[in-house]
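Novice: Sequence and predicted structure, then a few things I'm wondering about:
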Amino acid sequence: MKRSRQNPFGGKPYLKRRRKMSPLMLIGGVITMMVMMLVAGAIFLLPHLQSHAASADPNMNCTLIVPDQPLTAQGLATPYRLTATNPADGPCNESNTNQSAFVQGVIYNPTKGTFSVYNPLVIDKGTQPAVWPTVPTLPKGAVVGIWFGFNADNLTLQGARKDTLSSANCVNGLGQSLFTQFAYCNAPAFFAAVNQGIAAGRVKVPALGTAKDGQPCPTVRDFSVVDQDQSDNVQTQYLAKADGQTAQFTAANQKALPDATVISNPSDNALLTDFIDPALGCQSWEAPNLADNGNLVPALALDEIQAAADQGAPVALVPLNDPMTTVASGKNNYPSLAKTNLYRVGVDQIPAATDSQASGTAYCRNLVQTGIPRLQLDEPLTTVRPSPDTGAANNLFTFLAQRFQASYTNLNCQPLLHMPNPVTTQTNANGVVISATFNVSSSWPTTNCSVNGTVIAGCNGTATINGVSCTFTFNMQAKQVQITCPAASPQ
């Protein structure tokens, strides 16, 4: 599949398309075990480097070779190696920003309840780093989690040894179905340890604070922040030389490599911490970077922990219609509760017991009913802020609007809600969005439904009738409320 123009947040294009899933290399017995347990219970649009890595039509499917014992200090300092999943499709080069892969490590000290960050380096297979990483000093009993991001389509993890991935609890999909750009190692165990620390009072999660709009500062689970595939990718950056060699992004390496270019894994997290938070007068949670003399940096894991603790209802959790959690069969993609839950546990989210608890319809409804009002409220604050991608939109407000517009389409919200896309955008001659309007009042029901005392906002949601969970969907075109109830279980 040819990739359309890249949106610098989450590696997602701002043009309307759906990802195609591709085969996943064998991950190990850990996936089967986790699935059984679940069922039972960047920041800037970066220029392409002028090097051998540049390509007009790059290979969008790459493999990242995970070093042995990646959760140890030595493993964190050992470079990951990028290579083509299928060499016949062309090479994969880390310095080519269309193909770059990124790794983010977060270290939890269970004794003190504190955190630090160490971002392992990625190099091309068969090459050497521009500067070798320094081995970090980890606290006694440290619990390490690792998360991955990717700027192309499908990233496959491969262990340096046969048992590398399974021993480090690495997951980048369900069975043969990839998460596409995202993966993690040891994340469930990491979050379990952190949540124990929170319960014991050792971990102090920073309060969100109040934004300039008078509302609580948003998190990565706020419906004004999320998009078609939330909680994906990381804030990691690297330095890349013209010859394709890479190094960790540190002050010392910047001084040693003055001509190096910064490459980033644009993510929803970076959009929040580097653009939305400053616009709203908010501050992200940060921790010392062990590779950069303790310089404070944000991290996906910290964002998710804070969101789990502080995000008010409704809370955005990965839904069944997230393109990263669907499973391909033939030419179509189908929702998968097992894959959705496998993704959720990698970002500290509660698994869904039923499909209705991960409803794509409910997710789309909250995007409209909760996300749009916040975007409209913040328009005076975001219109005067720079766009994360000047090739997509001319300011932060228009960027967020066109991003919402594409997400509404890619999540299949129109047929789910029986409501046309609520965002209208206008572009200039270069295709850059220069204005946007939200059209909700005329197309969204103003009345709610009440079932046995339970209010269903906008007549879209679920309610229990005669002991079974029924789904309510407002059909705008027919001006009807459609009620679907499964057959009751025999007594």
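Specialist: Now that the structure is in, tell me what you want to look at. Numbers count the residues shown, from 1 in each chain.
Novice: got the residue ranges for the strands in the stretch 251-400 of the chain?
Specialist: 261-264, 287-289, 295-297, 327-329, 332-334 (DSSP state E, counting those that start in this stretch).
Novice: Check which residues of the last one are buried.
Specialist: If you call a residue buried by 16 or more other C-beta atoms under 10 Å, then strand 332-334 has these buried ones: Asn333. All C-beta spots, glycine's among them, are computed from the backbone N, C-alpha and C.
Novice: Just list what it packs against, helices and strands only.
Specialist: Applying 3 or more C-beta pairs under 8 Å, 6 or more residues apart in numbering; DSSP states H and E, one finds that strand 332-334 makes contact with strand 327-329.
Novice: Kindly compare burial across the strands of the stretch 251-400 of the chain and name the winner.
Specialist: strand 261-264 (a mean of 21; mean count of other C-beta atoms under 10 Å).
Novice: to the chain's geometric centre, what's the distance from stretch 332-340?
Specialist: Put simply, stretch 332-340 sits 17 Å off its chain's centre (C-alpha atoms, centre = their mean, to the nearest Å).
Novice: Now do the end-to-end distance for it.
Specialist: With C-alpha to C-alpha, to the nearest Å applied, stretch 332-340 spans 17 Å between its terminal residues.
Novice: Tell me which stretches of this structure form helices.
Specialist: 29-40, 73-77, 164-167, 187-199, 251-256, 268-271, 277-280, 300-310, 337-345, 360-366, 372-377, 379-382, 396-410, 413-417 (DSSP state H).
Novice: Out of these, which gets nearest to Gly294?
Specialist: When the helices of the chain are compared by C-beta to C-beta, helix 251-256 sits nearest Gly294, at 10.8 Å.
Novice: Let me see the residues that make contact with stretch 112-120.
Specialist: Applying C-beta atoms under 8 Å, 6 or more residues apart in numbering, the contact partners of stretch 112-120 are 67, 70, 75-80, 102-109, 133, 136, 139, 146, 197, 202-204, 236-237, 248-249, 287-291, 297, 299, 301-302.
Novice: Buried residues, that stretch. List them.
Specialist: Gly113, Thr114, Phe115, Ser116, Val117, Tyr118, Asn119, Pro120.
Novice: what do you get for stretch 296-306?
Specialist: Val297, Pro298, Ala299, Leu300, Ala301, Leu302, Asp303, Glu304, Ile305, Gln306.
Novice: which residues sit in contact with the nearest residue to Ala401 once chain neighbours are set aside?
Specialist: Among residues not flanking Ala401 along the chain, Ala436 sits closest, at 3.4 Å (C-beta to C-beta, 6 or more residues apart in numbering). Contact analysis of Ala436 by C-beta under 8 Å, 6+ apart lists Phe397, Thr398, Ala401, Gln402, Gln405, Val423, Thr424, Thr425, Gln426.
Novice: tell me the pLDDT at the first one?
Specialist: It stands for Phe397. As predicted, Phe397 sits at a pLDDT of 98.
Novice: What segments of the stretch 101-250 of the chain are strands?
Specialist: Under DSSP E, counting those that start in this stretch, the stretch 101-250 of the chain gives strands at 101-109, 114-118, 122-124, 143-150, 154-159, 170-171, 173-174, 177-178, 183-185, 237-240, 246-248.
Novice: Can you give the strand pairings for the third one, parallel or anti for each?
Specialist: Sheet pairing of strand 122-124 (DSSP bridges) gives strand 80-84 (parallel).
Novice: and the angle from the partner strand to strand 143-150?
Specialist: Angle, strand 80-84 to strand 143-150, by axes from the mean of the first three to the mean of the last three C-alpha atoms, to 10 degrees: 30 degrees.
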